[in-house]
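Trainee: Prediction below, plus the sequence it came from.
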Amino acid sequence: MGLVVQKYGGSSIADAASVRRVAARIVETHRAGNGVVVVVSAMGDTTDELLDLAEQVSPSPPVRELDMLLTAGERISMALLAMAISDLGAEARSYTGSQAGLITDSAHGAARIIDVTPGRIREALDSGAIPIVAGFQGVAQDTKDITTLGRGGSDTTAVALAAALGADVCEIYTDVDGVFSADPRVVPRARQLHVVTYEEMLELAAAGAKVLHLRCVEYARRFDLPIHVRSSFSNREGTFVLSDEALAARIDQGDIMEQPIISGTVADLNDAKITVVGVPDRPGEAAAIFTALADAGINIDMIVQNVSAASTGRTDVTFTCPQGSLVKATESLDAVRGVIGFEDLLTDAEIAKISLVGAGMRSNPGVSATFFKALADAGVNVEMISTSEIRISVVTRADVATDAVRALHTAFGLDADGEAVIYAGTGR
Ligand code: ADP
Ligand code: ASP
Ligand code: MG
């Protein structure tokens, strides 16, 4: 008998019928002799709808209240699911994140888990019940206020609970069969990956593949906890996210053949680009720019500095950040304009970040050549470039993102024979 944490995303519990369907699945796992802990997201697009509602009430609501509002979505799902399970003759008890011991810092909207004390979940398990935990939320250690972990954060609740409880596996149930070589909504002939390493999944998630929350992958890697991403609409085996060592063991056993060179391509349309024009070319200027942004809590992704024109002694610094941080970023730079002495700020939200990820890039020459040739052949202009050992990312115009991803997918031989199944969801 094992212990499994199962997380059901919003599209898997979008209405009463799906709540009942998922309840049956949970009870089946429980009756097979497993301890089961369930983590739920809000039903369907509830979180987006609550955000829309908040915006109608106030253009910039207090972050404490916004978190209180959003966590209501998961509370609805947890109670309904517990009712449906009880209807099937098993005992289920629902818990908010706070009751389940998800202790966070007080960064509303992007809180970090600092401790997990799942005493009540253990008790429920020991008494043979099925605990149902509201995902995406916790309670701040210092202020005792209710917090949220950031969009998509229920994945992280599930992995954190699985690690704290010593579960054998964390199953993430969603509306596609697993992790694919591209978003199947963008590339219909995306190929399902059977295994992917933590390292590659981190790069895919950081590049914008929203199938798993970035922090849940960081957490799983830290605790060496296997994640199984699969569909709640089928019984097919999904994708295992695991360590290099576990992957090597499966290759040795003949379970899988070989790790592919490229695991996938991703388009991220959520970034914006800021150019600081006419920055004096002297030591300390970049430090001043990025300190101002860091003090404002802005995450920077790519950075490019042009060669300065000898005649002016000035240069341009361009970087990308999340679109949601654009206003704050420009305000914080404007505030130090006098000290830095730059000439202008240009912003651009019509960009896409296109990435190619694969552990095999390390040892296979020619990946960059194929990458840039494919983009050139598709008529895609590259504005910025950044790389890691196992990733190449470029910034392009937003309107060519789909063409770019499809061109790369084909150029690297990733197209599958048939089309991937999308079982539900709006992709919102
Ligand atoms: P859930 O509601 O279950 O949390 P999400 O919408 O957060 O679901 O994540 C699942 C979606 O992620 C899929 O429907 C798919 O459109 C998208 N996605 C993006 N990139 C990938 C990828 N590489 N593999 C699989 N799905 C992906
Ligand atoms: N309901 C939250 C969201 O939509 C959390 C999650 O689904 O993981 O972002
Ligand atoms: Mg999700």
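Mentor: It's in. What you see is a predicted model; the values in this text were computed from it and never measured. Ligands and ions are numbered 1, 2, ... in the order given.
Trainee: The stretch 151-300 of the chain against ligand 1: which residues are in contact?
Mentor: 152, 174-176, 179-180, 182-185, 209-211, 264 (C-beta under 6 Å from any ligand atom). C-beta coordinates here come from the backbone N, C-alpha and C atoms, glycine included.
Trainee: hmm, try it at 5 Å
Mentor: Applying C-beta under 5 Å from any ligand atom, one finds that the stretch 151-300 of the chain approaches ligand 1 through 174, 175, 176, 179, 180, 183, 185, 209, 210, 211.
Trainee: Closest to the centroid, which residue in the protein?
Mentor: Taking C-alpha atoms, centre = their mean, the centroid of the chain lies closest to residue 213, which sits 2.7 Å from it.
Trainee: wait, what's in contact with that residue?
Mentor: By C-beta atoms under 8 Å, 6 or more residues apart in numbering, the contact list for residue 213 reads 149, 150, 152, 153, 154, 155, 156, 205.
Trainee: quick one: the fifth one and residue 99, what's the gap?
Mentor: Read that as residue 154. 16 Å (C-beta to C-beta, to the nearest Å).
Trainee: The two: which is more packed in?
Mentor: Neighbour count, other C-beta atoms under 10 Å: between residue 154 and residue 99, residue 154 has more, with 30 against 17.
Trainee: Next, that one: phi, psi?
Mentor: Main-chain dihedrals, residue 154, degrees, to the nearest 10: phi -60, psi -30.
Trainee: In strands, which of the contacts of residue 213 appear?
Mentor: Using DSSP state E, no member of the contacts of residue 213 sits in strands.
Trainee: Tabulate those residues in TSV, adding columns for distance to residue 315 and pLDDT.
Mentor: Listed next are those as TSV, based on distance: C-beta to C-beta, whole Å; pLDDT from 0 to 100:
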residue	distance to residue 315	pLDDT
149	39	97
150	34	95
152	37	95
153	39	97
154	44	98
155	41	97
156	39	98
205	33	96
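Trainee: Does residue 372 touch residue 382 like I think?
Mentor: Yes. The criterion here is C-beta atoms under 8 Å, and residue 372 meets it with residue 382 at 7.2 Å.
Trainee: and the longest helix along the chain, what does it pack onto?
Mentor: Counting residues, the longest helix found in the chain (DSSP state H) is helix 63-87. The contact analysis (3 or more C-beta pairs under 8 Å, 6 or more residues apart in numbering; DSSP states H and E) places helix 63-87 against helix 16-31, strand 35-40, helix 46-57, strand 92-95, strand 130-134, strand 137-140, strand 146-148.
Trainee: on that earlier part again, now, which of the contacts of residue 213 lie close to ligand 2?
Mentor: 152, 154.
Trainee: Now the buried members of the contacts of residue 213.
Mentor: Buried residues within those, counting neighbours by 16 or more other C-beta atoms under 10 Å: 149, 150, 152, 153, 154, 155, 156, 205.
Trainee: Without its sequence neighbours, what residue ends up closest to the fifth one?
Mentor: In space, not counting the residues next to it along the chain, residue 154 is nearest to residue 135; the distance is 2.6 Å by C-beta to C-beta, 6 or more residues apart in numbering.
Trainee: what does this structure have sitting close to ligand 2?
Mentor: 41, 42, 47, 136, 151, 152, 154.
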